[in-house]
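K.L.:
Kindly generate the corresponding structure for this input.
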Amino acid sequence: MSNRITGTVTGVDDSGNLITSIAATDLADVPHDHQLSISSDDHETRGLFDAYDSEPPMTLIAVIGDSGHLELVIVGDSAKIMLGISVGTEVAASW
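P.N.:
The predicted structure is shown next:
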């Protein structure tokens with residue numbers, strides 16, 4: 001993968017979703033399908049999803065949240081608790 005955008009986890013919402021510093025505008029010209037890899041620590045998901053509930057429970061997905069930024073989500077649970085990722089952790093989008 002030759003293209004990469006990096007950011008950090010900047011916050012956690014009430015559901016435990018991890019909000020990143022990577023803005024939706026940063027990803028505007030990036031493929032949103034399986035070519036896109038979103039990773040943080042040893043965790044990875046592929047593609048951007050349209051809805052928080054579009055995948056089975058306990059699945060790690062990446063979405064553009066209400067914050068206007070990339071968010072890491074565990075469907076039906078807390079990404080913060082399940083992944084053990086905290087504010088300041090690096091997040092990378094590669095394609």
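K.L.:
gap between the most centrally placed residue in the chain and S2?
P.N.:
The centre of the chain sits closest to L72, judged by Cα atoms, centre = their mean, with a distance of 3.1 Å. Using Cβ to Cβ, to the nearest Å, L72 is found at 23 Å from S2. Any C-beta I mention is one placed from the backbone N, CA and C, and that applies to glycine too.
K.L.:
show me where the protein has strands.
P.N.:
4-12, 18-23, 37-40, 43-46, 60-64, 69-74, 90-94 (DSSP state E).
K.L.:
Not counting the second one itself, show me its contacts.
P.N.:
Contacting residues not belonging to strand 18-23 are listed as 5-13, 40, 65, 67-73, 79-80, 83, 85, 91, 93 [Cβ atoms under 8 Å, 6 or more residues apart in numbering].
K.L.:
before we move on, back to that, if I follow the layout properly, the residue nearest to the centre of the chain ends up in contact with M82?
P.N.:
No - L72 lies out of contact with M82 (Cβ atoms under 8 Å); the separation is 10.0 Å.
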